[in-house]
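Trainee: One predicted model, sequence on top.
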Amino acid sequence: MQVAKIHVLPAPTYFLRALPFRVSKEPIAEFDCKLREAILLRCNLSAPLPPTASTFLSQPVGNGGIGLRELGMVAPAAKWASAASVAQDTLPFFEQNPTLPFVLDREDAFDELVAGGVTTAGPDIDCYTQIEVSDEEKKAFGPYADPRLRFLPHEPDLVATFYDGKKQLKSLQRMLSRVLLHHAADTFLDSADCSPADKIRISACRAKESGLWLQLHPKVEPLSDAQFRIALRLRLGLPPMPFDLPAKCPLCLKTTGDPWHPFACSATRRRMVTTSHDNVMSTVVRFARDCGAQARLEPKDLGSLVPDGEFFLSTGAVLVDASGVSSLAPSHLKGRKVPGRALASRARYKHNKYNGHADSLNSRFVPLVLDRFGCFHKEFSAFLKELDTEAKQLGLGTLSPTRLDLPTTLLKLSNGWQADGARIVYQWLTMVRMHQHRAAVHRLGYIM
Ligand SMILES: [Zn+2]
């Protein structure tokens, strides 16, 4: 996937800008198809994918997808951006003959952009710099993107003047591609193909930290192929394996209809599920210590009467408890199917359970809740930021290259959580195989 993103996609993106639409369209469609086939084969996914998986395979990671760009979809953005960069130079040719191929080409690109959801600025706007955007919007897009470039001129012929004569508008293609991709995602979310479970999943996958496992980092061990495939299937809304799991769980004897039942099965709860919580806690404890805080895990002999860990910061003592939620488990889908509801209700449950205990110790309680897609509850994210602030105040940021900083911690948590998710599925399958074997032995009359 990384090879495709970094080494395969840039060259055809250049062709999209440099070649006329009529020449590039067909080969690009074929390229998209071939690349998708290769990725699906490598990830052991069979085509055709259902609409939700097909849409979000090509969506950006920040929008809940996998980030495998479909070039055909962003082609008009590339063509328009390239037309805008040469618009001043080509103006005399356009004035002599407004039906030249490059003019028709940019008109096609303009029409496709409008059809793909890009808004045109009003007829009174001569230049994109006159478009007003709020401070929140500017902040949301960051320092390297100009949100005013999401808009097109009122008519395609205004391309030479709308961009203020600038030949280099670094974020123009990116901003227009973003609108096209987000529009495609929103169209799916409003369609009959999108189930309430899809909405919950996509909302969780849009959280920044839930897609971090798709990045490579020298300090964090990458997922194995098998773990990557399961994490990918989870993010795309597919079942964990290419084959169907038994409708009735042989271990807990429940018929749930949940393809990701291994996450919620009582048979894995005290095994790999507990291990995955412990792994989250140990990463948070290590990060806290690297931030200069005192941190310790509670011994397990007290069961669940006390929370998982105690942290001492300069601002006070904090008790925490890690918890994972399967937000698509039937128990969570019974009530109102609102994205983020399962995370919030688990955090509330933990507060009710441990607030009194924390008060009696003159501490505050923070639930470290995350769902199976890797989306953190807001209190978890805030606690990690609080630890990071503590480290910055102490000037620990550059002391040691082996120190766990906040971005690496988030990546480590994301990777570890997905790797453990795959281990839960595999442990469940192994236990089912063992159960079936034992049942067969019993049937045959052997003594076990
Ligand atoms: Zn079960």
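Mentor: Noted; the coordinates are in hand.
Trainee: Can you show me the CA trace of the host helix or strand of Arg346 as PDB?
Mentor: Here Arg346, judged by DSSP states H and E, is contained in helix 341-360. Extracted in PDB, the C-alpha atoms of helix 341-360 (Å, rounded to 0.1, in the frame of the first residue of the first chain):
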ATOM      1  CA  ARG A 341     -22.400   6.700  21.500                       C
ATOM      2  CA  ALA A 342     -20.700   3.500  22.600                       C
ATOM      3  CA  LEU A 343     -17.500   5.300  23.500                       C
ATOM      4  CA  ALA A 344     -19.400   7.900  25.500                       C
ATOM      5  CA  SER A 345     -21.500   5.400  27.400                       C
ATOM      6  CA  ARG A 346     -18.500   3.300  28.300                       C
ATOM      7  CA  ALA A 347     -16.700   6.300  29.600                       C
ATOM      8  CA  ARG A 348     -19.800   7.300  31.600                       C
ATOM      9  CA  TYR A 349     -20.000   3.700  33.000                       C
ATOM     10  CA  LYS A 350     -16.300   3.900  34.100                       C
ATOM     11  CA  HIS A 351     -16.800   7.300  35.700                       C
ATOM     12  CA  ASN A 352     -19.800   6.000  37.700                       C
ATOM     13  CA  LYS A 353     -17.700   3.000  38.800                       C
ATOM     14  CA  TYR A 354     -14.500   4.700  39.800                       C
ATOM     15  CA  ASN A 355     -15.300   8.400  40.600                       C
ATOM     16  CA  GLY A 356     -16.100   7.600  44.200                       C
ATOM     17  CA  HIS A 357     -12.900   5.600  44.700                       C
ATOM     18  CA  ALA A 358     -10.900   8.400  43.100                       C
ATOM     19  CA  ASP A 359     -12.500  11.100  45.300                       C
ATOM     20  CA  SER A 360     -11.700   9.100  48.400                       C
END
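Trainee: how about it: buried residues?
Mentor: Residues of helix 341-360 classed as buried: Arg341, Ala342, Leu343, Arg346, Ala347, Lys350, His351, Tyr354, Ala358 (neighbour count, 16 or more other CB atoms under 10 Å). Where C-beta positions appear, they are placed from N, C-alpha and C, glycine not excepted.
Trainee: Now do the same for it: mean pLDDT, whole number.
Mentor: Per-residue pLDDT over helix 341-360 has a mean of 92.
Trainee: picking that back up, can you tell me which of the buried residues of helix 341-360 lies closest to the ion?
Mentor: Ala342 (18.6 Å; CB to the ion).
Trainee: tell me the phi and psi of the spatially closest residue to Pro196 that is not a sequence neighbour?
Mentor: Leaving aside its sequence neighbours, Pro196 sits nearest to Lys337 (CB to CB, 6 or more residues apart in numbering; 3.7 Å). Backbone torsions for Lys337, taken as degrees, to the nearest 10, come to phi -90, psi 70.
Trainee: give me every residue that touches Lys337.
Mentor: Pro196, Ala197, Lys199, Ile200 (CB atoms under 8 Å, 6 or more residues apart in numbering).
Trainee: Need the per-residue pLDDT for the third one.
Mentor: Put plainly, it is Lys199. pLDDT, Lys199: 93.
Trainee: gap between it and the ion?
Mentor: 26 Å (CB to the ion, to the nearest Å).
Trainee: Domain map for the chain?
Mentor: What automatic domain parsing lists as the domains of the chain is 2-189, 225-431.
Trainee: For the ones you listed, give me JSON lines that also has distance to the ion.
Mentor: Converted to JSON lines, the domains of the chain look like this (distance: least, CB to the ion, whole Å):
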{"stretch": "domain 2-189", "distance to the ion": "24"}
{"stretch": "domain 225-431", "distance to the ion": "3"}
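Trainee: How much space separates the nearest residue to Gly421 once chain neighbours are set aside from Arg271?
Mentor: Using CB to CB, 6+ apart and skipping the chain neighbours, the partner closest in space to Gly421 is Arg372 (6.1 Å). Distance from Arg372 to Arg271, counting by CB to CB, to the nearest Å: 16 Å.
Trainee: Looking at the two, which has the bigger crowd around it?
Mentor: Arg372 (24 against 15; other CB atoms under 10 Å).
Trainee: these two touch, right, the more buried one and His261?
Mentor: No: with contact defined as CB atoms under 8 Å, Arg372 does not reach His261; the gap is 11.8 Å.
Trainee: what's near enough to touch the residue nearest to Leu387 when sequence neighbours are not counted?
Mentor: Nearest non-adjacent residue to Leu387, counting by CB to CB, 6+ apart: Cys291, 4.4 Å away. By CB under 8 Å, 6+ apart, Cys291 lies in contact with Leu387, Asp388, Glu390, Ala391, Leu394, Leu396.
Trainee: The fourth one sits in which helix or strand?
Mentor: When you say that, I think you mean Ala391. Counting by DSSP H and E, Ala391 is part of helix 378-393.
Trainee: Now His154: phi and psi?
Mentor: phi -60, psi -40.
Trainee: ok, for it, nearest residue in space, not its chain neighbours?
Mentor: Pro123 is the one closest to His154 (CB to CB, 6+ apart), at 4.8 Å.
Trainee: Count the neighbours of the one you found for me.
Mentor: 10.
Trainee: And for the one 5 residues further on?
Mentor: Using other CB under 10 Å, the number of residues around Tyr128 comes to 21.
Trainee: next one: Lys166
Mentor: Neighbours of Lys166 (other CB under 10 Å): 16.
Trainee: Which residues are in contact with it?
Mentor: Not one residue lies near Lys166 by CB under 8 Å, 6+ apart.
Trainee: Low-confidence stretches in this protein?
Mentor: 1-11, 300-304, 397-399, 446-448 (pLDDT under 70).
Trainee: for the helix ranked longest in it, packing partners?
Mentor: When the chain is parsed with DSSP state H, its longest helix is helix 406-443. Packed against helix 406-443 by the contact rule (3 or more CB pairs under 8 Å, 6 or more residues apart in numbering; DSSP states H and E) you find helix 225-236, helix 261-264, helix 266-268, helix 274-290, helix 378-393.
Trainee: how about the residue of the stretch 51-200 of the chain found nearest the ion, what does it touch?
Mentor: Closest approach of the stretch 51-200 of the chain to the ion (CB to the ion) occurs at Ala197, with a separation of 18.9 Å. Neighbouring residues of Ala197 by CB under 8 Å, 6+ apart: Gly237, Leu328, Leu333, Lys337.
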